[in-house]
Each structure stands twice: as C-alpha cells, then as structure tokens.
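Asks: Here's a sequence, model it:
(one chain, ligands or ions: 1)
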Amino acid sequence: MKSKATVLTSCEQYGRSVNPQWVRLLDVLQMNVRYSACQGVELISDDGRRILDFLSGYCVHNAGHNHPDLIQAVKDELERRGPGMLQSHVPELAGELAAALCERAGGRLTKAFFSSSGSEGVEAAIKFARAHTGRDGLLAAEKAFHGLTSGSLSLMSDPFWSDGFGPMLPGVEFVTFLDLSALEKKLRTRRFAAFLVEPIQSEGGIKVPDAESMRQTQALCRRYGTLFVLDEVQTGLYRTGPFLASHHFGIEPDMVVLAKALSGGLVPVSALLMADSIYDSVYNSLKRSIVHTSTFSENSLSMRVGLATLDVLERENLGPRAAEAGEVLRARLREALAPYEMVKDVRGAGQLSGIEFTSPRKLSLRLPFEAFMAIHPGMFGQVVVMRMFRDHNILVQVCGNNFMVLKAAPPLVATDEHLDAFVHAITSVVDLMHNSSGFWTEALGLARRAGGI
Ligand SMILES: Cc1ncc(COP(=O)(O)O)c(C=O)c1O
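Replies: This next block holds a predicted model:
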C-alpha cells in the first residue's frame, strides 16, 4: 500500500532544504510574501498587494525589475546558440563590455577582469594588488561591506560577519573611514598593497565623503605606493548619478570593482577594472595567461546582459534622473521628518539615501528605545522595516553595518508618485514611533515570535 506522501509548499521545501532560519526571520518580520510579478519599482504579491521596492536587491535593480529590453537580450543571446562558455576561444562580447566599461570609468582604468559576484571581484583585486606591488598587507575602512568569501570577508571589520569563520587573511588592517591621519600612519609603513574602500559607505550607514578627503586619500596612497581600489559594487552603474560614485570626487582609482546592477538583476556578473600596468603584473607571460580565471567569467549571457544594461541605463537617462530624483527625495524627507527628535540626519547621493535615527531624549521614548536595544541592537530598525512593509507596502532595509540608518535605494526608474509614497510612509511610521505606544509594544510581539534571536 502506498503511503500518503506529504506535499510540501515551496516555502516549506526551501525551509527544509535550504535555509530554515531565513524563512523564520521573514515570518517573524511578517515579510514572507510570495511574489507573482515584478516590474520596474513594483512587486505584486500572490494576494494582490502592490509593494514598492526601495531596496533594489541592495542596488541590483538600477534599471528596474524585469526590464523588457534586458529580458529580450537574454532571449536573443540564448537564441543565438553561440559559444556560451567554450573556455577555448576569444569571447568577443567580453571585449565589447570591457571596452564600454573602461571608456565610461575613464582615468587609468583600461582593462577588465570579469567574474560572477562582487566578492569575486574583490578577491581578484586583492590578488592583483599583491602581484603588482609585491606587498602582502591590505588596508580597509571600518564598517565597510566587501562580500563574504574569505578574502573579501577579511576586509570587513565587524566581527558579526567573521566570527567562527577564521582565521582571516593575515596582514589586513583597518582605519576609520575618512580618518586621513590614521590612514597616512598606516600607509607610511609601506606594507600595504592596496587600500580598498567604498567611495560612499553603503552598509556602513550611507556615509558620503567630501571630494577633498577622497582626493587626499588618493594622494596618500600614491605617495606611499599603495594601490587605491574602490569598491563600487553598490554605488556604480549610475546609482548615485554619474557612472561611478568616484566621478563625484574627481579621483582616478587604480582599480574599481563593479557588480550587482551590471547584471540587470537577471544573470550574475562582476567586473574588476584596472590600469594596464596592474594587468601586466599578473598576466605577464604566455604561461600565466589564465593564472587567474573562473569558469563563468566572460560567459556570453552575462556579457550580453551587461551591454544591454548599459544601453538601458543610458538610453533612459537614468544617471541624471537618479541625481535629480534623489535630491528631491532627500529634500522632501528633511522637511517631513524635521519635527521628530529621533531623526538625526537625512543624507545620500543620487538614489542612495539614508535616514539616520538617534536615541531619544524624552524619557517616555527613551525607556522603550533602550529596552529595544537591550533585546537586540537591530530590533528598532527591524520594527521600522516591518511597519514600512506591512502597513505601507514598501520594501526597505536598514544598513547591514549600521542598524540606525534606514537605506532607501529604489530602482532608478522610480517616479514622483513612488517617492511621494515613500515619504508619506516613513513619515507616518516615524510619527507613530514618537506618538504611539503601539509602535513600541509591537517589538514585544516581535521578540515573542522570534523566541530568542
Ligand atoms: C559594497 C559591496 N561590495 C561587495 C559586495 C559583495 O558582492 P556579492 O554579494 O555579489 O558577492 C557587496 C554585497 O552586498 C557590497 O555591497
């Protein structure tokens, strides 16, 4: 007799076979929604909710979800039935994409190495910097996010990410972001192959430097023979207005890592752009022509989508649009949130904005706030995120290395109506946190559902 098979939903199957803790977290935050269609900024759930994406998969969906031209590019490339990944020929599309990226990046960036994720781009930067300089030290900024493979992870100071996975790469040291005297002190030892830094710290709390500090950072790196490497995985591809965020500052890095938005949200791809001299230090003989590579590097589908993504971003003028709309968004947020003591700052560049919260002075707010903090430092931010999602249908998150900053990074195609909806929603949540005990008692329910974090 046949036993009655248990039919699992796809969510249960995922929980059983992939990551049950992730399913649990989404359940606790009441964000475990099935999506049936995603277009531009809008996510439609199975039960008919229209949710606005102000996270963009952490800056993947610059061109918007499922852009028809990008879908067409994927289809065309598959239909071509060419050598998708022969590993034994010259992949022409990689040449085209490399030239297009280097032309837009400018400065000394003339060669590209392709891989499939931001972390792999950072790994390549580490290896290439060591090969070029003959030094093994690496310098990074505190609170940075560079990815979770072992090398990239070694460049992240927050032990949350590295605990239990050690030992990390030897020779890595950290300086506070934009602390130029600390930086010079380290660089003067001439032990460091590279200073790897985000031009705008994203997960660190949307920290936007002034141009002069970035220019001095570059000058210091040059003076002491350390390569100046920018991680533009979140900030690149017009997210902050120009093609690269470094273009705001008039700097010419030795290497730049791009990923996320280059894929159009459809196929994995990343690129490490670098000066010829660095490339030559690595691939310096026939024997070493493939000394650093990867199976999926330069695959035709990724290259085709990368080219199509550039085309869409530029044809639709999304860089200037991001710059303008971001300014409008922050001006509206500053005005709407000015009356609230827990809002410390609104800052950003282009469509990468941060709202920084601070602990309240008023006793009636301070007591519940401190209780939240005692449960978990991320609890306060997650209640904001949960309310934005559940009560206002807006998907947003706090910064991964700075829980007091809510990040707003919608697709660059966001319209005025989308921005207005965001301002209205966050103002309403902030008002609730200042004027209703319901906001704070919500956390207790959250903690109860979590049953220990
Ligand atoms: C600034 C930055 N660098 C690197 C990475 C790593 O990219 P990936 O997740 O594609 O490995 C991320 C990922 O979020 C990132 O935000």
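Asks: What pLDDT is listed against the residue in the stretch 251-400 of the chain that the ligand sits nearest to?
Replies: Nearest to the ligand in the stretch 251-400 of the chain, going by CB to the nearest ligand atom, is Ala259, at a distance of 4.8 Å. Every C-beta, even on glycine, is put in place using the N, C-alpha and C of the backbone. What the model reports for Ala259 is a pLDDT of 98.
Asks: how many neighbours does it have?
Replies: If you count neighbours by other CB atoms under 10 Å, Ala259 ends up with 28.
Asks: do the same with Leu237
Replies: Here the number of neighbours of Leu237 (other CB under 10 Å) works out to 31.
Asks: which residues sit in contact with the nearest residue to it once chain neighbours are set aside?
Replies: Using CB to CB, 6 or more residues apart in numbering and skipping the chain neighbours, the partner closest in space to Leu237 is Ala261 (3.8 Å). For Ala261, the contacting residues are Cys59, Val60, His61, Asn62, Ala63, Gly236, Leu237, Tyr238, Arg239, Thr309, Leu313, by CB atoms under 8 Å, 6 or more residues apart in numbering.
Asks: ok, now with 6 Å
Replies: Shown in contact with Ala261 (CB atoms under 6 Å, 6 or more residues apart in numbering): Val60, Asn62, Leu237.
Asks: Would you check how far apart the residue of the stretch 251-400 of the chain closest to the ligand and Met433 are?
Replies: 35 Å (CB to CB, to the nearest Å).
Asks: got a list of what Leu52 touches?
Replies: With CB under 6 Å, 6+ apart, Leu52 has these contacts: Val41, Ile394, His418, Ala421.
Asks: Near the first one, how many other residues are there?
Replies: I take that to be Val41. Other residues close to Val41 by other CB under 10 Å number 25.
Asks: That one and Asp136, how far apart?
Replies: Taking CB to CB, one finds Val41 at 45 Å from Asp136.
Asks: One more: the third one?
Replies: Noted for His418: a distance of 47 Å to Asp136, by CB to CB.
Asks: again with Val172
Replies: From Val172 to Asp136 the distance is 10 Å (CB to CB).
Asks: do Leu86 as well
Replies: 35 Å.
Asks: more neighbours, the two?
Replies: Asp136 (15 against 11).
Asks: Enumerate every residue touching the residue nearest to His67 when sequence neighbours are not counted.
Replies: Computed as CB to CB, 6+ apart, the closest residue to His67 that is not its neighbour in sequence is Val312, at 5.6 Å. Contacts for Val312 (CB under 6 Å, 6+ apart) come out as Ala63, His67, Asp69.
Asks: Narrow the residues you listed to those that are buried.
Replies: The neighbour count (16 or more other CB atoms under 10 Å) marks Ala63, His67 as buried among the contacts of Val312.
Asks: List the ones among the contacts of Val312 that fall in helices.
Replies: With helices taken from DSSP state H, the overlap with the contacts of Val312 comprises Asp69.
Asks: Tell me which residue in the protein sits closest to the ligand.
Replies: For the chain, CB to the nearest ligand atom, closest residue to the ligand: Gly118, 2.3 Å.
Asks: so that residue touches Val256, yeah?
Replies: No - contact criterion CB atoms under 6 Å: Gly118 and Val256 do not qualify, at 11.7 Å.
Asks: Pull up the residues of this protein that are close to the ligand.
Replies: 58, 117-119, 122, 145-147, 198, 202-203, 231, 233-234, 259 (CB under 6 Å from any ligand atom).
Asks: So the residue nearest to Leu8 when sequence neighbours are not counted versus Trp22, what's the distance?
Replies: Nearest residue to Leu8, sequence neighbours excluded (CB to CB, 6+ apart): Arg16, at 6.7 Å. Distance, Arg16 to Trp22, by CB to CB: 12 Å.
Asks: quick one: which of the residues of the chain next to the ligand sit in strands?
Replies: Asp231 (DSSP state E).
Asks: Could you pull up the contacting residues of the residue nearest in space to the middle of the chain?
Replies: Centroid-nearest residue in the chain: Gln234, 3.8 Å away (criterion: CA atoms, centre = their mean). Gln234 sits next to Cys59, Ser202 when contact means CB under 6 Å, 6+ apart.
Asks: Low-confidence ranges, the stretch 1-150 of the chain, go.
Replies: Low-confidence segments of the stretch 1-150 of the chain (pLDDT under 70): 1-5.
Asks: how about the helices in it?
Replies: For the stretch 1-150 of the chain, the helices defined by DSSP state H, counting those that start in this stretch cover 10-17, 20-28, 56-59, 68-80, 92-105, 118-133, 150-154.
Asks: hey, which of these is tucked in deepest?
Replies: helix 118-133 (a mean of 24; mean count of other CB atoms under 10 Å).
Asks: Contacts made by that helix with the rest, please.
Replies: Contacts of helix 118-133 (CB under 6 Å, 6+ apart): 113, 115, 136, 146-147, 149, 151-152, 193-194, 227, 229, 233, 255, 257, 259, 270, 272, 278, 281-282, 292.
Asks: Now list the buried members of those.
Replies: 113, 115, 146-147, 151-152, 193-194, 227, 229, 233, 255, 257, 259, 270, 272, 278, 281-282, 292.
Asks: Could you tell me which of these belong to helices?
Replies: Gly151, Ser152, Ile278, Ser281, Val282.
Asks: Could I get these in CSV, plus columns for distance to Glu324 and pLDDT?
Replies: Below are these laid out as CSV (distance: CB to CB, whole Å; pLDDT from 0 to 100):
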residue, distance to Glu324, pLDDT
Gly151, 38, 98
Ser152, 33, 98
Ile278, 35, 98
Ser281, 41, 97
Val282, 40, 98
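Asks: Thanks again, I'm all set now.
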